[in-house]
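>>> Below are the sequence and a predicted model; questions follow.
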Amino acid sequence: MITIVIVILLIVLMAIFPVSIYNRLVTLRNRFKNAFAQIDVQLKRRYDLIPNLIETAKGYMKHERETLEAVIQARNQAQQAEKKAADQPDDPKAMKELIGAEQALTSGLGRLFALSENYPDLKANENMKQLSEELSSTENKIAFARQSYNDAVMKFNTAREKFPNVIFANMFGFQEAPLFEVEVEEERKAPKVSF
């Protein structure tokens, strides 16, 4: 009788162990997906601010049409990449596309702000000042959200790679989550926003 009880207890423990590993990995995966959703919110805010910024600058920067159009195009590409990454934040390819699009947008905004230095009336425009403040604040929020996302991804990936979790993670299809990393050193800096 004691042998049967011991065998049943061992079977129950063997069943509980993989279930607990699975549940922990699901929890950690949901945390990094939620952390990406916070990036998503700030990126959408950024994308909403850019058209207003461009419209305000258009009146002053009539001869800089190419730069303005490049920023609009970069914004649209980043927005499309963001939607794809938001649908699949655990897809490395979608994340890489988003990072590349964000780098192009940041570069375009940097050129826009550099050119704006040549237009004193634009720098003095109250609407432009307000939009610049909002964009600067949003850039800071994006940086914080990226840090939170990367922290959550690191916890997930670490838990996924530990033994014996790695055995069950592979069995249950838990793939390594991609970090939100900027690959080009000059793109690590937020665009300078000052009017």
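Nice, I can see it. Numbers count the residues shown, from 1 in each chain.
>>> buried ones in stretch 65-75?
For stretch 65-75, the buried set under the neighbour-count rule, 16 or more other C-beta atoms under 10 Å, comprises 67-68, 70-71, 74-75. Glycine gets a C-beta too; all of them are placed from N, C-alpha and C.
>>> Pull the distance from it to the chain's centre.
In terms of C-alpha atoms, centre = their mean, to the nearest Å, the centre of stretch 65-75 is set 22 Å apart from its chain centre.
>>> let's number from 311 now, not from 1
Let's use 311 as the start, then, which means that last one is stretch 375-385.
>>> Dump the C-alpha coordinates for it into PDB.
Taking Å, rounded to 0.1, in the frame of the first residue of the first chain, the C-alpha atoms of stretch 375-385 are listed here in PDB:
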ATOM      1  CA  ARG A 375      10.400  69.900 -48.900                       C
ATOM      2  CA  GLU A 376      12.600  66.800 -49.400                       C
ATOM      3  CA  THR A 377      13.500  66.600 -45.700                       C
ATOM      4  CA  LEU A 378       9.800  67.000 -44.700                       C
ATOM      5  CA  GLU A 379       8.700  64.300 -47.100                       C
ATOM      6  CA  ALA A 380      11.500  62.000 -45.900                       C
ATOM      7  CA  VAL A 381      10.300  62.400 -42.300                       C
ATOM      8  CA  ILE A 382       6.700  61.700 -43.300                       C
ATOM      9  CA  GLN A 383       7.800  58.600 -45.300                       C
ATOM     10  CA  ALA A 384      10.000  57.300 -42.400                       C
ATOM     11  CA  ARG A 385       7.100  57.900 -40.000                       C
END
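>>> Quick one: residues in contact with it.
Counting contacts by C-beta atoms under 8 Å, 6 or more residues apart in numbering, the residues outside stretch 375-385 that touch it are 357, 360-361, 364, 367-368, 371, 411, 414-415, 417-419, 421-422, 425.
>>> Could you find the lowest-pLDDT member of those residues?
The lowest pLDDT within these belongs to Met371, which sits at 78.
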